[in-house]
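Undergrad: I'll drop the sequence and a predicted model, then ask my questions.
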Amino acid sequence: MSGLSLFAAFRGEHFADPGTLGRRLAPPYDVITPEQRAALAAQDPHNIVHLDLPSAVAGDPYREAARLLADWRARGQVVRDGEPTAYVLRTSGRLPDGSERQRTGVFLAVASEPFSRGRVLPHERTHAGPKEDRRRLTHATGCNLSPVFLLAPDTSGALEDALRDVATREPWARCSALGSEHAVWIVAGEPARRIAEAAGAEPVYVADGHHRFETAVMLREEVPQAWRAGASRTLSHVVSFRDPGLEILPTHRLVQGPPQQPAAFLNAASRFFVEVPEGADRILVAAFADGREIRLGMRPGADLSAAGDLPAHPAVRTLAVTMADGIAVGVVAASLLGGVPELRYTADAGEARAAARQGSCAFALLLPATRLEDVRRVADAGQIMPPKSTYFAPKVPTGIVLRPLDAPV
C-alpha cells in the first residue's frame with residue numbers, strides 16, 4: 001500500500017432517478033433514533049436507511065441489507081458509473097441558532113490505512129461494538145454505504161477552487177432533505193483526478209466516522225479476495241478547511257439524576273470554578289430546574305489533581321469539553337449524586353435548557369463549540385478528545401453515492 005495515493009475517484013453507484021433523491025437520503029446511521037428510522041423507512045421503500053440501518057424483523061439484518069441492495073440493482077433503482085468519478089455535494093441549511101450555512105465537499109475513495117501512517121489523523125477514541133456492526137454490514141453487502149467525513153488542510157486552496165468551479169455548473173440533482181437543500185454534481189475524467197490530487201496534498205483529519213474508518217482498515221485483509229483491491233480504500237466525503245460553511249456545534253451535556261440545587265452545585269464546584277458575570281470569558285454554563293443559569297470560569301490556580309486522570313497534554317487538558325466531563329461531571333456531579341452519572345447529549349441549547357427546567361436531568365451543562373484549530377492541534381499532537389467533543393453540522397447525508405468493493409476504480 002506504500003504507493004497508494006491518499007484519494008482516488010471511483011466507480012460509484014447512485015440512485016438512477018435524481019428526482020427521487022430527496023426522499024431517499026438519511027442521516028449517518030449512528031445519529032438516527034428508532035422513531036426517525038421508522039419515519040425514513042416509511043418515506044420511501046428505497047430510502048438508504050433500509051441498507052445502512054437494516055431491520056432485524058426479517059431475521060439477519062445484514063443479510064436483509066444485502067438482499068435489498070441486490071434487488072435494487074436488478075430493478076435499476078441504483079446504477080453504477082462506468083469510469084472513476086468524483087461526486088461533489090453542496091449542502092445549504094439553517095443551524096440551531098438560526099444562521100445559514102453552505103458547505104461544499106466531495107465524495108472520494110480514501111486509502112484505508114492505519115492512523116499510525118500519519119496521512120489520516122483522528123481526534124476521537126473508538127469502541128468495539130460499532131465497529132463490529134459496520135464490519136458485518138460491509139461483509140454482507142460488499143459495499144461502503146456511508147462515508148467517513150474528512151477535513152483537508154488545503155493550504156494552497158486548490159481543492160476549494162476546484163469544487164467552486166464544479167459548483168458553477170448545472171447539477172445532476174437538486175433536492176430538499178433532512179432539513180437542508182442539496183445539490184450534487186457528477187464529475188469524471190481529468191477533473192475528477194485533479195480534485196482527488198488536491199484533496200490528498202496533505203494529511204487529512206477525521207471530522208466524523210472514526211468507527212467507519214477503523215472498520216475499513218480492519219477489513220482490508222478480511223474480505224474475499226475478489227474485494228481486496230476495493231477494500232484498500234473506503235468511501236469518504238472531503239471538505240476543505242477553507243470552506244466558510246464548515247461549522248462545529250457544541251454538544252451539550254444533560255447530567256442524569258434528580259434535579260440539583262444551584263447553591264449545592266456552586267458549593268461543590270467552588271474548588272475548580274468561579275461564577276463570572278455575563279459578557280466575561282466563561283468555559284461552561286450550568287442550567288437548573290429553577291431556571292437559574294450559572295456562568296462558570298476556571299478558578300485561577302485551581303488544583304486539578306482531584307480530577308484524577310485529566311489528560312496531561314495541554315492541547316486536550318484546556319478544552320472546555322475536558323473541563324466539563326473531567327471536572328463538572330467526573331468530580332462535581334459525582335460528589336452530588338454519589339457516583340459519576342450517565343450523560344445524554346444534544347447540540348440544541350434550547351433543548352438542553354428545557355430538559356433542565358423540566359427536571360428531566362440533574363442539571364445541564366452548556367458548552368462552547370470546539371474550534372477547528374482545536375481539532376487540528378489535538379490530532380497533530382497525536383492526542384484524543386473526550387467523546388462527543390465535535391458535532392459537525394450539517395451532517396453528511398447517506399445515500400448520495402455508494403462504493404461497491406468489486407469496482408475499486
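TA: Looks like it came in fine. In this text, all values refer to a predicted model and were calculated from it rather than measured experimentally. Residues are numbered from 1 along each chain as shown.
Undergrad: Hmm, Arg101 and Asp243 touching each other?
TA: No: with contact defined as C-beta atoms under 8 Å, Asp243 does not count as touching Arg101 (9.6 Å). Where C-beta positions appear, they are placed from N, C-alpha and C, glycine not excepted.
Undergrad: Which one's more surrounded, those two?
TA: Asp243 (20 against 17; other C-beta atoms under 10 Å).
Undergrad: tell me the contacts of the more buried one?
TA: Under the criterion of C-beta atoms under 8 Å, 6 or more residues apart in numbering, the neighbours of Asp243 are 103-105, 160.
Undergrad: who wins for most neighbours among those?
TA: Ranked by the number of neighbours (other C-beta under 10 Å), the contacts of Asp243 place Gly105 first, at 28 neighbours.
Undergrad: mind putting the contacts of Asp243 in a markdown table, secondary structure, pLDDT and distance to Arg317 included?
TA: What follows is the contacts of Asp243, written out as a markdown table (DSSP: H, G, I helix; E, B strand; the rest coil; pLDDT from 0 to 100; distance: C-beta to C-beta, whole Å):
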| residue | secondary structure | pLDDT | distance to Arg317 |
| --- | --- | --- | --- |
| Arg103 | strand | 97 | 30 |
| Thr104 | strand | 98 | 34 |
| Gly105 | strand | 98 | 31 |
| Glu160 | helix | 97 | 33 |
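Undergrad: from these, which single one is nearest Phe15?
TA: Gly105 (18.9 Å; C-beta to C-beta).
Undergrad: what does stretch 16-27 rub up against?
TA: So stretch 16-27 is contacted by 15, 32, 36, 40, 43-44, 46-49, 52-53, 76-79, 172-178, 182, 184, 395, 397-400 (C-beta under 8 Å, 6+ apart).
Undergrad: Please apply the same query to stretch 155-171.
TA: With contacts defined as C-beta under 8 Å, 6+ apart, stretch 155-171 is touched by 88, 90, 104-106, 152, 154, 183-185, 187, 191, 194-195, 198-199, 201-202, 238, 240, 242-243.
Undergrad: repeat that with 7 Å
TA: Contacts to stretch 155-171, defined as C-beta atoms under 7 Å, 6 or more residues apart in numbering, come from residues 88, 90, 104, 106, 152, 154, 183-185, 187, 194-195, 198-199, 201-202, 240, 242-243.
Undergrad: Straight-line length of it, end to end?
TA: 27 Å (C-alpha to C-alpha, to the nearest Å).
Undergrad: Give me the distance from it to the chain's centre.
TA: 23 Å (C-alpha atoms, centre = their mean, to the nearest Å).
Undergrad: Go through that stretch and flag the buried ones.
TA: For stretch 155-171, a neighbour-count test (16 or more other C-beta atoms under 10 Å) marks 158-160, 162-163, 166, 171 as buried.
Undergrad: Domain parsing of the protein, as residue ranges.
TA: 7-247+392-404, 251-368 (automatic domain parsing).
Undergrad: and the end-to-end length of the shortest one?
TA: What that stands for is domain 251-368. 8 Å.
Undergrad: Mind giving me the packing neighbours of the host helix or strand of Ala42?
TA: Per DSSP states H and E, Ala42 falls inside helix 34-43. Helix 34-43 sits against helix 49-52, with contacts defined as 3 or more C-beta pairs under 7 Å, 6 or more residues apart in numbering; DSSP states H and E.
Undergrad: Just after the helix it packs on, pick out the following helix or strand.
TA: Next along the chain after helix 49-52, taking DSSP H and E as the criterion, comes helix 61-74.
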